[in-house]
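Participant: have a look at this prediction, sequence included:
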Amino acid sequence: MREITYREALREALIEEMKRDERVFILGEDVAIYGGAYKVTDGLYKMFGEDRVKDTPISEAAIAGLATGAALTGMRPIAEIMYIDFSTQATDQMVNQAAKMRYMFGGKSKVPMVLRTQGGAGRGIAAHHSQSLEAWYVHMPGLYVVMPATPYDAKGLLKSSIRDDNPIVFIEHKMLYGMKGEVPEEEYLIPLGKGEIKREGEDVTIIAYSRMLHVALEAAEALEKEGVSCEVIDPRTLKPLDMDLIADSVRKTNKAVVVSEGYRYCGMAAEIVTRIIEECFDDLDAPVKRITTPDVPIPMSPVLEEEAIPSAKKVIQAVQEIL
Amino acid sequence: MPFKETKEELLSLLKQMLEIRYFEEKVWELLARNIIKGASHVYMGEEAVAVGAISVIREDDYITSTHRGHGHCLAKGGKLKYMLAELCGKATGYCKGRGGSMHIADVTKGNLGATGIVASNIPVATGAGYAIKLRGTDQVCLCFFGDGATNNGVFHESLNMASLWKLPVIYIIENNLYGMSVSVERASAVQELYKKGCAYNIPGEAVDGMDVIAVREATRKAVEKARKGGGPTLLECRTYRYQGHSRSDPRGVYRTKEEENYWRKRDPIQSFWKRLIAEGVATEEELRKIEEEVEEETNEAEKFALESPYPPVEELDKDVYVVK
Ligand SMILES: Cc1ncc(C[n+]2csc(CCOP(=O)(O)OP(=O)(O)O)c2C)c(N)n1
Ligand SMILES: [Mg+2]
């Protein structure tokens, strides 16, 4: 099969969906002429014109709100927020407007929009450009949250997100854009709410998403050499969460480690750990572990940044502690 | 027009602009060599704005900075070596290596901080203004931000409050014609950005941001007024960033070589240099000597930064909270 990058996979998804449905349009900062800060929308304005690929002023609140209003009135906007760190300015529109409108107005309206953004550390760009804020959005009734880790998943999930009738926060990872992987030429979709076993194993289940999937796979590879067989699961969408897949695996291995790049306190890892305890308590042979970024703003200094984010070494250590 | 300033003051303005220029050139070089990691937004071409404006305030006055903050940091008393160490993520940097380029500030000097979130310091500066008012001192706060930031909600919310409550804040737009790739023309319904003050009854003024003396004069007037309780002013300093937004910015896709050359011909350092000689303030040799000093200082800063240690990893979670 051909291999393309995560960035190209996302770009293909956008192009295919914009061709398929003329209600789909993109707006965001530097998405047109510049092609997006991480070049995901490169060349799209030439293909679809400046009205469907719209460079906006630096106005995150209005970008998210405008997308909400356009979605409410029949369009299918994709709003790009350059860094999830700046999405904080768009949060009111996302959580108080987009997320709640359907419910508040008696289930009679809908907000089919995607807020595309990217997060994560790894580039040494400090506290305002490196965070993993998915927990903010999974917390909110009415929003779905999608976080793909591979080119294949990125494409299939972005297409499904654009077609879905709910407001979706689609979070990419800045360190994955250049990663290559197999993506078929033919069209495919990946349903929201379906995770995937990325590596089969018997002894312990590691649940990881976004860039942390690759950290978990690296740890699993190393543990294999020591005779420890890890099953690695990527939920791919944090909400809806494929709890069946996770629970089935934990019932088989009886041990679980959750890896997340988000802050520890009330993070996504805390949610998954709780769900495992709620649903698989009797099957557990050891306490469930979580590896997260500690509760500190992401520092710029490369040595501190590396220390802050979860590594394969820390995952290996956690697995060894519960074997 | 002859200068009002003393020779010493004039040479200090030149020196600071040269320090920023040499610093930024060094930063660009270290980025290319991958010694500085991450992103750095450099201030080359815009030196006259920070230097001119900050030169008229006192040490106990405040400023707020931006993602393009090296110039503000230096003009508010920053030293090249601690700045460069910060950009390299070293323990000896102003923020102990935690902030890097985007958060560079010596907060002990009244620089309240540089921010990675566009426009986010505009309300912070407004808050400093309110604190000054409550304390009843005659301090002021200079609030720097870009043209792009004027399209963000907090700009409008802050200007409204500052005018309503007559706060001693001088809002300084560094209009370099672009917010990343998006020109003012394509981002702002109002092209003459100083006019945005109108909506909030704040007097605005367009200033030649390539002329350090013009920036100084405009800021001086605004500061005098603010110190006397006359409220805020909005200054639009028209300037240009020579380099790309950051290193990965090709810039050719949204602006022309002709435009770049036009602005480079109006270089704030060269034009001031020529004027100092033409007005008989100093000789070419005197100025060259200053430049040589700056060059040496920059090289020493590089050596200091490279030889400095990284922060110890045990300090990762220090200072998240105030702990008694
Ligand atoms: C809230 C927010 N939105 C977007 C960005 C990404 N970004 C960083 S700098 C910049 C352009 C800022 O333009 P301007 O205010 O004119 O300042 P300049 O870079 O020209 O000095 C953008 C869009 C950001 N850092 N913060
Ligand atoms: Mg600008």
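Facilitator: Sure thing, it's come through. Numbering: from 1, shown residues only, chains lettered A, B, ... in the order given. Ligands and ions are numbered 1, 2, ... in the order given.
Participant: adjacent strands (with direction) for the helix or strand hosting A:Ile78?
Facilitator: Per DSSP states H and E, A:Ile78 falls inside strand A:76-81. When sheet partners are counted by DSSP bridges, strand A:76-81 sits next to strand A:24-28 (parallel), strand A:114-119 (parallel).
Participant: starting at the chain centroid, how far to the longest one?
Facilitator: Right, strand A:114-119. 8 Å (Cα atoms, centre = their mean, to the nearest Å).
Participant: how far does the strand holding A:Ile78 sit from the chain's center?
Facilitator: Worked out by Cα atoms, centre = their mean, strand A:76-81 lies 15 Å from the chain centre.
Participant: so how many other residues sit close to the spatially closest residue to A:Glu307 that is not a sequence neighbour?
Facilitator: Nearest non-adjacent residue to A:Glu307, counting by Cβ to Cβ, 6 or more residues apart in numbering or on different chains: B:Val313, 4.4 Å away. From N, CA and C alone the C-beta is placed, and that goes for glycine too. Other residues near B:Val313 number 12, with proximity taken as other Cβ atoms under 10 Å in any protein chain shown.
Participant: and the one 10 residues further on, by the same measure?
Facilitator: A total of 6 residues lie near B:Val323 under the criterion other Cβ under 10 Å.
Participant: if I look at the residue lying closest to B:His41 once chain neighbours are set aside, how far off is A:Pro299?
Facilitator: Leaving aside its sequence neighbours, B:His41 sits nearest to B:Arg68 (Cβ to Cβ, 6+ apart; 4.2 Å). According to Cβ to Cβ, to the nearest Å, B:Arg68 and A:Pro299 sit 21 Å apart.
Participant: please name the nearest non-neighbouring residue to the closest residue to ligand 2 within the stretch 101-250 of chain B.
Facilitator: As assessed by Cβ to the ion, ligand 2 sits closest to B:Gly146 within the stretch 101-250 of chain B, at 3.6 Å. Spatial nearest neighbour of B:Gly146, excluding adjacent residues (Cβ to Cβ, 6+ apart): B:Glu174 at 5.4 Å.
Participant: distance of whichever residue of chain A sits closest to ligand 2 from chain B?
Facilitator: Relative to ligand 2, the nearest point of chain A is A:Ile58 (9.4 Å; Cβ to the ion). Per Cβ to the nearest Cβ, to the nearest Å, A:Ile58 is found 5 Å from chain B.
Participant: run a quick neighbour tally on A:Glu306.
Facilitator: With other Cβ under 10 Å as criterion, A:Glu306 counts 14.
Participant: the one 4 residues further on too?
Facilitator: Per other Cβ under 10 Å, the neighbour tally for A:Pro310 reads 24.
Participant: tell me the pLDDT at it?
Facilitator: The per-residue pLDDT reported for A:Pro310 equals 98.
Participant: what sits against it?
Facilitator: Residues near A:Pro310 by Cβ atoms under 8 Å, 6 or more residues apart in numbering or on different chains: A:Met212, A:Val215, A:Val259, A:Ser260, A:Glu261, A:Ile291, A:Thr292, A:Thr293.
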